[in-house]
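[1] okay, here's the prediction I keep looking at, along with the sequence it came from:
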Amino acid sequence: MNSLENRLSEWIFETDVFKNKLVYLVGGSVRDIILKRKAQDIDLVCPNARQLAYALSKEKHAVCVVMDKKPDVPCFRLINRKSPENYIDITEIRGNSIASDLQQRDFTINALAIPLTSGKLDASQIIDVVSGQADISRKTIRMVSDESFIDDPLRMLRAFRFSAQLNFEIEPNTINHIQKNAERIKSVSAERILFELKLLLEQANIYPFIEQMDQTGVLSTLFPEIKTLKSCRQNDYHHTHVWGHSLETLKSFEQILTQLDNLFSATDDQVHRYLYQNDNVTMIKLACLFHDVAKPLSLKQDPETHHISFYGHDKLGKTEIEKICDRLRLSKKNAAFVCTLVEEHLHIRDLLHPNTRQKTLLKSCRKLGETIVGITLLSIADKLATRGFRSQESDRIAYQEKAIQFIESYYNDILPVICTKNLITGKHLIEIGIEPGPMMGKILRMVRLAQDEGKISTPEQALELVKELKNKS
């Protein structure tokens, strides 16, 4: 709690404008004090929140941003200019008392407050008007009122996020109300939905929570594609419909995440760094759920053998996943990443074939960069989730081993090669009379390929190759 107390001292206790103000610490911070978890956010409520926020921002020389955290409730975020990760949120108290405010919150475990008027944080003074502490003890997610999801439908997503984050169970009546109000999620802005989805996807072992969310109808309301995936039958290599396979792929990927140290004995640090930088792991989880999104559009069945195939669903899938990324308002970077994962998730199997030429492999590695690691991990999860009677466990294990070997080879052998500096540049070609244009680009690519394959290793050898290529053309 010391870190929280220090931040509260910095932001309010030691300021002139705070004196004699009726201010409460509320929500997740209070819950985390009870759970002895590190409090991430500081949420304060008070009367005249705007006035206090502006006065504090002036005294602390902080940035003040108006936030859209809750519908129709003004919230002001104060951000430390030197440390942007250090911020507090100040919200207008709802109703005429703290009890009234707490009774309008989402879940009982968050409907808790500690008065700060005394100028110190005293956890013995917790205000609890809806038995939130009891539900924390029971590890239960319970809506505060029957109007919770009507007041703010985003709370339905938050229920699953808190359930995954805290390993709490959503109680039956709350689940029933989520099912009843699932369609209301359509009224929530894409930005708010994305924020909650990313928080959920960041958690470990989200498979059961995604499955439960699907059972309530919330997930298919967000992603109407799921209904089509559920009705799309597959061939004998699969044991379930396309959506069932997609869920199993997510489950397999999360199992891989728990075994990184064992699976990647030589490169576990590189793989772990790659996965947990930016939003990589969350976007791979999203791709697990929708890597086969175009299967219903590409389904073909042989009229004689009745064999089902989905040729081209990976390439067509890029177009379909782009639509999902647009709806979610993903950043351009994350959208491009997810689209590449979906588009390339089958191609990687061809690259790992023993007959693949080294220059073909190097060309793909250069084109895709480190994203090829994410694609390969997705392909492993995809393969492990393919468990129909025509799919052999020995084949799944063999593919996983081969794919892991490739990732280790990528970091240890391929990456050092493709990251080396070009032996020559366009400037060298101009000096020997080759004008800028398509021909120059083609020659430079062929020289680079020869360099990657170890056929040349000096600028002199590169220029000799250029002369040969020039004469042939």
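    Nice, I can see it.

[2] ok, Val17 to Thr91 distance?
    Distance of Val17 to Thr91, given as C-beta to C-beta, to the nearest Å: 17 Å. C-beta coordinates here come from the backbone N, C-alpha and C atoms, glycine included.

[3] neighbour count: the two, which is higher?
    Between Val17 and Thr91, counted using other C-beta atoms under 10 Å, Thr91 has the larger neighbour count: 23 against 16.

[4] partners of that one in the sheet?
    Beta-bridge pairing of Thr91 under DSSP bridges involves Val45, Cys75.

[5] mind listing what it touches?
    For Thr91, the contacting residues are Asp43, Leu44, Val45, Ala49, Lys69, Lys70, Val73, Pro74, Cys75, Phe76, by C-beta atoms under 8 Å, 6 or more residues apart in numbering.

[6] check which helix or strand covers Met156.
    Assigned by DSSP states H and E, Met156 belongs to helix 155-166.

[7] list of residues touching that helix?
    35, 106-107, 109-110, 139, 141, 143, 148-149, 168-170, 174, 178, 181-182, 184-185, 193, 196-197, 199-200, 203, 205-206, 209-210, 212-213, 216, 218.

[8] out of those, which are buried?
    Listed as buried from the contacts of helix 155-166 are 106-107, 109-110, 141, 143, 148-149, 168, 170, 174, 178, 181-182, 184-185, 193, 196-197, 199-200, 203, 206, 209-210, 212-213, 216, 218; burial here means 16 or more other C-beta atoms under 10 Å.

[9] which of those fall in helices?
    With helices defined by DSSP state H, the entries of the buried ones among the contacts of helix 155-166 inside them are 148-149, 174, 178, 181, 193, 196-197, 199-200, 209-210, 212-213, 216, 218.

[10] and the two most separated of these?
    The two members of these with the most space between them (C-beta to C-beta) are Ser148 and Ile210, at 21.5 Å.

[11] relative to helix 155-166, how tilted is the worst-scoring helix or strand of the chain on mean pLDDT?
    The helix or strand of the chain with the lowest confidence, counting by mean pLDDT, DSSP states H and E, is strand 63-70 at a mean of 83. Angle, strand 63-70 to helix 155-166, by axes from the mean of the first three to the mean of the last three C-alpha atoms, to 10 degrees: 110 degrees.

[12] so what's the backbone phi/psi at the nearest residue to Phe389 once chain neighbours are set aside?
    Sequence neighbours aside, Asp236 is the residue nearest to Phe389 in space, at 5.9 Å (criterion: C-beta to C-beta, 6 or more residues apart in numbering). With angles defined as degrees, to the nearest 10, Asp236 sits at phi -70, psi 0.

[13] what is the burial count for Asp236?
    11.

[14] mind listing what it touches?
    By C-beta under 8 Å, 6+ apart, the neighbours of Asp236 are Gly388, Phe389, Arg390.

[15] ok, and the most crowded of these?
    Most surrounded of the contacts of Asp236: other C-beta under 10 Å gives Gly388, at 13 neighbours.

[16] what does the helix or strand hosting Ile226 rub up against?
    Using DSSP H and E, Ile226 falls within helix 225-230. By C-beta under 8 Å, 6+ apart, the residues outside helix 225-230 that reach it are 214, 219-220, 241-244, 246, 290, 292-293, 295-296, 320, 324.

[17] if any of these are buried, give me the ChimeraX selection for them.
    A single ChimeraX command selects the buried members of those (16+ other C-beta under 10 Å):
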select :214,219,220,242,243,244,246,290,292,293,295,296,320,324
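
[18] let's see which of the contacts of helix 225-230 end up in helices.
    In this view, the contacts of helix 225-230 that belong to helices under DSSP H are Asp214, Leu219, Ser220, Val242, Trp243, Gly244, Ser246, Phe290, Lys295, Pro296, Glu320, Ile324.

[19] so who does Leu8 touch?
    Counting by C-beta under 8 Å, 6+ apart, the residues that Leu8 touches are Leu25, Ile42, Leu116, Leu121.

[20] of these, closest to His307?
    The closest of the contacts of Leu8, once distances to His307 are taken by C-beta to C-beta, is Ile42, at 59.4 Å.

[21] my read: the closest one touches Val26, true?
    No: with contact defined as C-beta atoms under 8 Å, Ile42 does not reach Val26; the gap is 9.7 Å.

[22] next SSE after the helix or strand Val342 falls within?
    Per DSSP H and E: Val342 is located in helix 332-344. Once the chain leaves helix 332-344, the next helix or strand it forms, by DSSP H and E, is helix 347-351.

[23] OK, contacts around Phe253?
    Each residue near Phe253 by C-beta under 8 Å, 6+ apart is listed here: Ile284, Lys285, Cys288, Leu377, Leu378, Ile380, Ala381.

[24] what residues does the host helix or strand of the fourth one touch?
    Leu377 belongs to helix 371-384 when assigned by DSSP H and E. By C-beta under 8 Å, 6+ apart, the list of residues contacting helix 371-384 from outside reads 249-250, 252-253, 255-256, 271, 274-275, 280, 283-284, 287-288, 291, 337, 340-341, 344-349, 364-365, 368, 396, 399-400, 403-404, 406-407, 410.

[25] repeat that for stretch 414-426.
    Applying C-beta under 8 Å, 6+ apart, the set of residues contacting stretch 414-426 is 361-362, 365-366, 436, 440, 444, 447-448, 451-452, 456-459, 461-463, 466.

[26] weed out the non-buried ones from the residues you listed.
    361-362, 365-366, 444, 447-448, 451-452, 456, 461-463, 466.
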